[in-house]
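# Sequence plus predicted model, see below.
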Amino acid sequence: MATINFDSQFYLEQKLEQLQKQDSAEYGDWTTADVQQAFDDAGLTAEQHYEMYGYIENLSPNAQFDSTAYLEDKLAQLQATGATQADGEPYANIADVANAFQAAGLSPLEHYNLYGQDEGLTATPVSGETGGGDGPTTPTPTNTIAFDASEKAGNKIVWDEENQKMVLESEAQGDTVKHVGKAYYDENKSYNTTADYKFTLSNQLNYGQADVDGAGGVDLYQATFLSPLMVESGGIGAGSVLDLRFADRLAPANDTTQTLNNTQINYFEFTYNGTEYQVNDENTNGALTQAQSYPDLLAAIQTGIATLKAQNPELSGLNVRQGNTFSVDQYDKQTDQLTGEKVQGVSIVLSAQEGTLGGFTANVTSVDTGGVDSYARAFDTITDGVDGLIQTSIDLDNIGYGSQGGSVNIAGESATNVGIEKFVVTTKNGAWLTELSSEDTATNSDFNHLKQVEVSGTGYFRVGQQSASWGHSNTAGEYFTANGQTANWVSPFVADTTGGDQGLTDVQDVDLTGLNGSSAINAVITDAVIDRDLNLVDVNGNPAEDNVVYSYELTSGDDVLNLNVDADVLEREDFELDISTGAGNDVVHFSNDLSGSALTNQQLNNNVSIDTGAGNDRVWTEGAGNATINTGAGDDLILADNSGDQGIGTNEGRAQFVFNNASLDIDDLESNSDNGLSSGASGNAQSFTVTGFDATASSNTFGVAVNFMGYEATVNINVAASNINASGDATITALQINQAIKSAINSDDVLKELLLAKDGNGNSLIVDSKIDGAMTTDDLAISFTSNNANDGEADVTLTQDSSGAGYYDTEFAKADVTTVDDGGTPDDTSDDTTTTTATDITGADSSVESDNVINAGTGTDEIVLGTGADSNDTVAFTGYNNGDNTIVNFTDGDLATNTGADILDFTSYLGGAAANTGDVDDAAGELTNDTVYTLDFTGTDDVSFADLSASDVLNALNADSGSVGGIDSSIDAASEASDYILLVNNAGTDGNPGEVKAFHLQSGADSGDFSSVQLIGTMDFGSTNGTSNVDALHADNLA
């Protein structure tokens, strides 16, 4: 749960404003210091004043917590449940709630932090405040409209306008509320706005497919506003902004709580309208130099600015608030090098509605003798402000009862083509909507106005059709199928521009960061947004100034996003898409219809970014185009493109292999059979005599190995001594072998993401490829060994007949493909010839081009690159000890002869420089700066490839003589300070072709020795017929 802390400075400013409004003559020259002194004289802290009196005076403890609004929300909750006070009377007003809090010894803020969030209550920011600065106002709804979620089973009489008669119809499910705002106007003779309304929907079941009246369609909950209410609210005013950023580049990476631990900010200066001002210990009451955290720094600067404002009336319009997270390159003082990691900080923003801020300087030292590498910057900008939006609020409670519920559409009644642009949604107990929209009613044109969806609360939030195979539990990893399989890890109901399955259409900003739970979103962005959002005109020298960023920020829990974007939108220069799923085990499926000129334009724009944060994530960028993908820490799966489709078979056009089969027809597969009474049986035995065992040995196993594209897994079948005869023979059945193959594939961390083994008819076995590509029988091999503790291992060959054809030799299943030859005469079918051919289901390479940049972060990751003939995917590396990466479909070689060559990006270790051109050479002699080298490691008795460490490499290279498994001491560093990449191949006798360890080597000037070696990570590129898939690595394969 997110705790909201008491903000003393904010509270003092509120109290000062209240006093000055009450009596400007007496308090007009007071500052917040005078208010604090008054509290001190009364023996109170600011927080104690709030707890005893403040919230009763409508004061709030933090810009993010409106005490009065919280009391109102709690009152509504108590009244909805019929709760009563201690004296048995119902709760009538917020004073009753405040009395109950006082009796329990709680303030509203304390109740929220201890109980409120668990009760489904949320914090409402103080109107006009977002973190204490000059931010967008957040309207507070004062009118509640409850949708009727009851299930209708009756009939009603309606007027048939066309036939001019009454007819009896079954009552429609859902609810429609018309003329919202009319009742308010009738009572007050004035109009309020859409932001003054909150709609509630709770305990709603069914979405229309099984209504009690048997009618189809979706349960629709719809409301329409009178046109005068459709006005904008919120937004921020224009003015000057100074974004202050303090950090220590020596601090630990990716942890804002430690960034300022050793930093002492002595003072900083800024200018306002050309006049210089200083924030220091004197005007912060000594707090500035003691601020070793961002919250403390924010509080110190707020105090300093408040003091300066009190002393300088011209600064009265100056405000302070927390800004956004920023990052800087981490620096290693010992090696005098960047580490490749990022130090994160939180900016602090000074803003003024009028005038100009700038002129930043700072004095920063270290707390101790360890020193800092200070980063102190300020970015000054003049902003035109943020426009308000037509917005309203929706509270959702238990929508769908764990299944898919109805749709919500709130729009306008006007014929002027306006609608709700922002929904502020609060959820609890789970909400699964079929659709959330602001689509025009029949009175005006077909247009979807919804631009922003902001969700907070608890539980899950889902919108759109989802896959039943996900199960939708509320536990971690809820969207992953049993046994970690990926067969159905993406919803088959993918939103697209033809409509039908999307829950959100043309929404620009989805913000679920305030939701304590999980999400599943099916969304689409159509070409309608070009007219709505993108037809803008650049008015300055930077074309990106008018870019429209479509941002999908999900929860810190487990999220699923299926998003389709129209090609006409992706090719626009002013369109950007940022997807950020936060922590948790997340799934992102991004698809599009790019081709031709639209593809070329999108690749130029390079305008799609996907960041899934920490967790075991899965990303599929289906189809053509470029995307930048970062999956952070965790065990991740990334599929680039993967859209190849042969158009036949039962596996979405991907390859299908069969074993122990008498026929190959995937639609009528016949198993081998030795049933003597079956006239159609093939007569092939279903049990086998296997040699090589020893009944006296402590253990005997029959090993079944599956090798797919160079990635291998083995399962052993234990053979009981009682099953072994005197000759060392034992019987193994086909079903035992099938079970072992399924286990080897479906339980292996690598193979289970690439293949799915399943039972066919009879004793036959089917292996489906989960990835695209035109495959050969060499890509999949099954082999067998017998092993006993006395004699070791021996290869075994299973044969089914005298010709030696193996039961478990790889074969493709077949599917009938029918072609028609019309005889050459147009429109004359009399001489048509139809031919049906049994065709191998080999799968197909993708027909599109995708050039993605993929950084899988740390963990055990699998990256499946695109198979398109012109696809050039890049795998980028940052940081060290990244774990194990399996990289499938990597294509090596030069671009001149292979347009589909892929790329490895090590520039983060080479100071941002691209690796030197030329062939990738074996490491020998004196190395050259910023160059990638390879080396075959054969292993030693003491050091295996698996155990090979950075220190092993450093010691071998810097030894006086000799070689350690191929790492030769004659390899020397350059005579200048340099960086190198060393790719060490697993080339031992029992090596694994295609497995590589990457090391970052560094050296100082004139040493000849290497100063440091760090392990970047281990990569397995697989192999083809025993040859590594990076055996022909070329300079074109390096960024």
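That came in fine, so what should we check first?

# Strands of the stretch 351-500 of the chain, start to end?
357-366, 374-383, 391-399, 407-412, 422-433, 436-437, 452-463 (DSSP state E, counting those that start in this stretch).

# Give the other helices and strands that the fourth one contacts.
The contact analysis (3 or more CB pairs under 8 Å, 6 or more residues apart in numbering; DSSP states H and E) places strand 407-412 against strand 197-204, strand 220-225, strand 391-399, strand 422-433, strand 436-437. (Glycine included, C-beta is placed from N, CA and C.)

# Go again with 7 Å.
When contacts are defined as 3 or more CB pairs under 7 Å, 6 or more residues apart in numbering; DSSP states H and E, strand 407-412 packs onto strand 220-225.

# chain center to the strand it packs on, what's the gap?
32 Å (CA atoms, centre = their mean, to the nearest Å).

# Would you mind putting the CA coordinates of it into CSV?
Once non-C-alpha atoms are left out, strand 220-225 reads as follows in CSV (Å, rounded to 0.1, in the frame of the first residue of the first chain):
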residue,chain,number,x,y,z
LEU,A,220,-24.5,-1.5,-22.1
TYR,A,221,-24.4,1.1,-19.4
GLN,A,222,-24.7,4.4,-21.1
ALA,A,223,-25.1,8.1,-20.0
THR,A,224,-25.5,11.2,-22.1
PHE,A,225,-24.8,14.8,-20.9
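
# Could you dump the strands of the stretch 351-500 of the chain into TSV and include distance to Asp674 and mean pLDDT?
Shown next, in TSV, are the strands of the stretch 351-500 of the chain (distance: least, CB to CB, whole Å; pLDDT from 0 to 100):
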stretch	distance to Asp674	mean pLDDT
strand 357-366	81	88
strand 374-383	76	75
strand 391-399	57	96
strand 407-412	58	93
strand 422-433	52	95
strand 436-437	60	94
strand 452-463	52	94
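
# Of all the ones you listed, which one comes closest to Met230?
strand 407-412 (5.0 Å; CB to CB).

# How about the contacts made by the closest residue to Gly120 other than its chain neighbours?
Residue nearest to Gly120 in three dimensions, not counting chain neighbours: Lys428, with 3.4 Å by CB to CB, 6 or more residues apart in numbering. Residues counted as contacts of Lys428 (CB atoms under 7 Å, 6 or more residues apart in numbering) are 120, 397, 457-459.

# Specify which member of these is nearest to Ile420.
Of all the contacts of Lys428, Gly457 has the smallest distance to Ile420: 19.1 Å, by CB to CB.

# Dig out what the closest residue to that closest one other than its chain neighbours forms beta bridges with.
Take Gly457 and drop its neighbours on the chain: the residue closest to it by CB to CB, 6+ apart is Thr427, 4.0 Å away. Taking DSSP bridges as the rule, Thr427 bridges to Leu396, Gly457.

# Does Thr427 touch Glu454 like I think?
No - Thr427 is not in contact with Glu454 according to CB atoms under 7 Å; the separation is 11.4 Å.

# Those two: who's more crowded?
Thr427 (28 against 20; other CB atoms under 10 Å).

# Please enumerate the helices of the stretch 101-250 of the chain.
Secondary structure of the stretch 101-250 of the chain, counting by DSSP state H, counting those that start in this stretch: helices at 108-111, 182-188.

# again with the stretch 901-1039 of the chain
950-957.

# Could I get the CA-only coordinates of the longest helix seen in the chain as CSV?
When the chain is scanned for its longest helix (criterion: DSSP state H), the result is helix 294-311. Extracted in CSV, the C-alpha atoms of helix 294-311 (Å, rounded to 0.1, in the frame of the first residue of the first chain):
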residue,chain,number,x,y,z
TYR,A,294,14.8,13.2,-2.2
PRO,A,295,11.9,13.6,0.2
ASP,A,296,14.2,15.5,2.6
LEU,A,297,15.6,17.6,-0.3
LEU,A,298,12.1,18.5,-1.5
ALA,A,299,11.1,19.5,2.0
ALA,A,300,14.3,21.6,2.4
ILE,A,301,13.8,23.4,-0.9
GLN,A,302,10.2,24.1,-0.1
THR,A,303,11.3,25.7,3.2
GLY,A,304,14.0,27.7,1.4
ILE,A,305,11.6,29.0,-1.3
ALA,A,306,9.0,29.8,1.3
THR,A,307,11.6,31.9,3.2
LEU,A,308,12.7,33.6,0.0
LYS,A,309,9.0,34.4,-0.9
ALA,A,310,8.4,35.9,2.5
GLN,A,311,11.5,38.1,2.0
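
# Not counting its own residues, what contacts it?
Helix 294-311 has contacts (CB under 7 Å, 6+ apart) with 9, 31-33, 246, 256, 260, 277, 279, 283-285, 287-288, 291, 315-316, 318, 320, 322, 346, 348.

# Narrow those residues to just the buried residues.
9, 31-32, 246, 256, 260, 277, 279, 283-284, 287-288, 291, 315, 318, 320, 322, 346, 348 (16 or more other CB atoms under 10 Å).

# Scan the contacts of Lys428 and report the most crowded one.
Ranked by the number of neighbours (other CB under 10 Å), the contacts of Lys428 place Gly457 first, at 23 neighbours.

# now it: how far from Thr122?
Separation of Gly457 from Thr122 (CB to CB, to the nearest Å): 6 Å.

# for Asn675, same thing?
In terms of CB to CB, Asn675 sits 67 Å off from Thr122.

# With distance to Ser595 added, can I get the helices of the stretch 101-250 of the chain in CSV?
CSV is the format used below for the helices of the stretch 101-250 of the chain (distance: least, CB to CB, whole Å):
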stretch, distance to Ser595
helix 108-111, 56
helix 182-188, 50
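
# Let me know which of the ones you listed is tucked in deepest.
Highest mean neighbour count of the helices of the stretch 101-250 of the chain: helix 108-111, a mean of 22 (counted as mean count of other CB atoms under 10 Å).

# which residues does Leu865 contact?
So Leu865 contacts 640, 873, 887-890, 902 (CB under 7 Å, 6+ apart).

# Which of the residues you listed fall within strands?
The strands, defined by DSSP state E, take in 640, 887-888 from the contacts of Leu865.

# So Asn675 and Thr122 - more neighbours on which side?
Counted by other CB under 10 Å, Asn675 and Thr122 do not tie: Thr122 has more neighbours, with 20 against 12.
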